[in-house]
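Asks: Dropping a prediction and its sequence here:
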Amino acid sequence: MKKSNSVKLNLFFIAFTILVTTTVIFTWEQVFRAPVFAWMDAHFSNKESNRFDFEQRVEHYIISTMVDVIVVTILLRLVNRQQRKLVASEERYRSVFEHAVAGIAVLTAADWRVVECNNKFGAILGYQPHELIGRDIRQLGWGPGVHSSPEELVQALDGSFTDKRELTVRTAAGIELPVSVSSGTLATEDENLIILIIHDLSRRRQLEIEKEEMQRQLFQSSKLASIGELSAGVAHEINNPLNGIINFAQLLKDDEIARTETQQLMLDGIINEGERISEIVRNLLTFARQDTHESTHVNIAEAITTSMLLFGHQLEKDGITVEIELEENLPRVLADSSRLRQVMVNMISNAQHALKHSSSDEKLLRITGSSLGEGSDQKVCIEFFDNGEGIREEIVDKVFDPFFTTKREHGGTGLGLSLSFGIIRAYGGTVKVESKEGSYTCFRIELPAVGAAQDAEVESLAV
């Protein structure tokens, strides 16, 4: 192809030179010859031999000069035009090369040394591009394990761009980085070259791990949902015989048979404990019941008390002291009662877990409720404080992320705080956390009071 183009170019310039020469001669004969020689006759001798000889030399000089000037001028213009195109093309491909999303390097086929590489290639391997020039690419350490021989890289550089291999390379910082490798060959007049292309797979591997973890957590959540449904069914089954036990105890208490004080206390104990169990079952069923999520005026104090009943004596069994300090006549909030109880249960459960695994001698869970502001700015503030193990500073900002949990080995799903955050935000509130590792954790929930919440809702509808 190149030889054919060269022949065509030569033929073009031969034809072009003949055309220019013919045009110059014709123009000379028809336009310039007569006046030039008239001037010469007026200024030189009349010797025919000298005159003819001089005329020939002048004609040859003028014609040759004009042809050369025209041809060389046209040739230089063509050469300059091609040079500009070549420079523009080189800049364009250089820009593509330097800004490619993949790492690209050109290697010598003979000894595998880097002739040229782009910035991305150096960034992936942790080098400046100029630091890799002239270096044997095999010295970096390649393979499924970087301690293996570079045969894996040799197999990857087989000249086929479509045959990608996933290898591991050791970067300048000594990090083992997963990469995909593909290659192609390039032959020039002077040497054979290899084009090496690499892609960083670390982000993709991380996403795959996160996807697998998310699938595992979703499966775990599905199991928990099934357990919840089963628990609701069991609670229904418990409720009937439990009511029978309470009724039978009440009948024994109401008959006129004389009993000792101890026997009477035992009957009272059966009735009281049965009613307490019945209350727990009712709260459990209320918590598990499907609802329409309709917002009503919710009493925060009642929601907290109801949620606490679900834990029964478990907090006391774990040696946890519970302090509940609720301001009298707390304003109500506009929310769905079951969802709000879910938030309370999540907060209490997290505090219980933190205290259960705490080494502190005095384990304290303090729940406080108070009102802030007035009028349309009035809010209800609920705080859940525990002096448990606290949260590490580097992960405090992640506690509300879905599937993030520090209780993985204890069955945590990482959904409780995320769901709580979403529920509170849906009702125009905020959730904040303050913690010190090894000392305490405090979750602070703020919700608009009923008047403020209604004003905000009307305002949003107006907008």
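Replies: Right, received. Where do you want to start?
Asks: what about the closest residue in space to Asp401 that isn't next to it in sequence, how many residues close to it?
Replies: Using CB to CB, 6 or more residues apart in numbering and skipping residues adjacent in sequence, the residue nearest Asp401 is Ser418, 6.5 Å away. Bear in mind the C-beta positions are built from the backbone N, C-alpha and C, glycine included. Residues lying near Ser418 (other CB atoms under 10 Å) number 18.
Asks: buried stuff in the strand or helix carrying Ser418?
Replies: Using DSSP states H and E, Ser418 sits in helix 416-426. Neighbour counts using 16 or more other CB atoms under 10 Å place Gly416, Leu417, Ser418, Leu419, Ser420, Phe421, Ile423, Ile424 of helix 416-426 among the buried residues.
Asks: now these as CSV including pLDDT?
Replies: Shown next, in CSV, are those (pLDDT from 0 to 100):
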residue, pLDDT
Gly416, 70
Leu417, 79
Ser418, 78
Leu419, 79
Ser420, 83
Phe421, 84
Ile423, 85
Ile424, 88
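Asks: Look at the closest residue to Tyr127 other than its chain neighbours and give its secondary structure.
Replies: Excluding the flanking residues, the one nearest Tyr127 by CB to CB, 6+ apart is Ala172, at 5.3 Å. At Ala172, secondary structure determined by DSSP: H, G, I helix; E, B strand; the rest coil is coil.
Asks: Please look at Ala172 and Leu125 and confirm they touch.
Replies: Yes. Using CB atoms under 8 Å as the test, Ala172 is close enough to Leu125 to be in contact (6.5 Å).
Asks: More neighbours: which of these two?
Replies: Leu125 (24 against 13).
Asks: how about that one, what does it touch?
Replies: Leu125 makes contacts with Gly103, Leu132, Leu140, Val169, Thr171, Ala172, Leu177, as judged by CB atoms under 8 Å, 6 or more residues apart in numbering.
Asks: Now, of the residues you listed, which are buried?
Replies: Gly103, Leu132, Leu140, Val169, Thr171, Leu177.
Asks: Which pair in the residues you listed has the greatest spatial separation?
Replies: With CB to CB as the measure, no two of the buried ones among the contacts of Leu125 lie farther apart than Leu132 and Leu177, at 15.1 Å.
Asks: and stretch 310-327, how far from the chain's centre?
Replies: Relative to its parent chain, stretch 310-327 has a centroid offset of 41 Å by CA atoms, centre = their mean, to the nearest Å.
Asks: That one: end-to-end distance?
Replies: Using CA to CA, to the nearest Å, the end-to-end distance of stretch 310-327 comes to 22 Å.
Asks: Stretch 250-269 too?
Replies: Stretch 250-269 end-to-end distance (CA to CA) = 11 Å.
Asks: Next, the buried residues of it.
Replies: For stretch 250-269, by 16+ other CB under 10 Å, it's Leu252, Leu267.
Asks: any residues touching that stretch, and which ones?
Replies: Ala249, Ile271.
Asks: Give the rounded mean pLDDT of it.
Replies: Mean pLDDT, computed over stretch 250-269, is 78.
Asks: tell me the strands in the stretch 201-350 of the chain, going along the chain?
Replies: Along the stretch 201-350 of the chain, counting by DSSP state E, counting those that start in this stretch, strands occupy 296-298, 320-326, 333-335.
Asks: Which strands and helices lie in contact with the second one?
Replies: With contacts taken as 3 or more CB pairs under 8 Å, 6 or more residues apart in numbering; DSSP states H and E, strand 320-326 sits against helix 300-309, helix 337-356, strand 363-372.
Asks: Need these in JSON lines (columns: mean pLDDT).
Replies: As requested, those are exported to JSON lines (pLDDT from 0 to 100):
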{"stretch": "helix 300-309", "mean pLDDT": "85"}
{"stretch": "helix 337-356", "mean pLDDT": "85"}
{"stretch": "strand 363-372", "mean pLDDT": "90"}
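Asks: Compare the ones you listed and give me the one nearest Thr188.
Replies: The minimum distance between Thr188 and these falls on helix 337-356, with 66.7 Å, by CB to CB.
Asks: what bits of the stretch 51-200 of the chain have low per-residue confidence?
Replies: 51-63, 67, 142-163 (pLDDT under 70).
Asks: And the strands in it, which stretches?
Replies: Going by DSSP E, counting those that start in this stretch, the stretch 51-200 of the chain shows strands at 103-108, 114-117, 142-143, 165-170, 176-187, 192-200.
Asks: sorry, back to before: what's the most buried one of the helices and strands packed on strand 320-326?
Replies: helix 337-356 (a mean of 22; mean count of other CB atoms under 10 Å).
Asks: which helices and strands sit right next to that helix?
Replies: Under the contact criterion of 3+ CB pairs under 8 Å, 6+ apart, helix 337-356 touches helix 261-288, strand 296-298, helix 300-309, strand 320-326, strand 363-372, strand 379-386, helix 416-426, strand 440-448.
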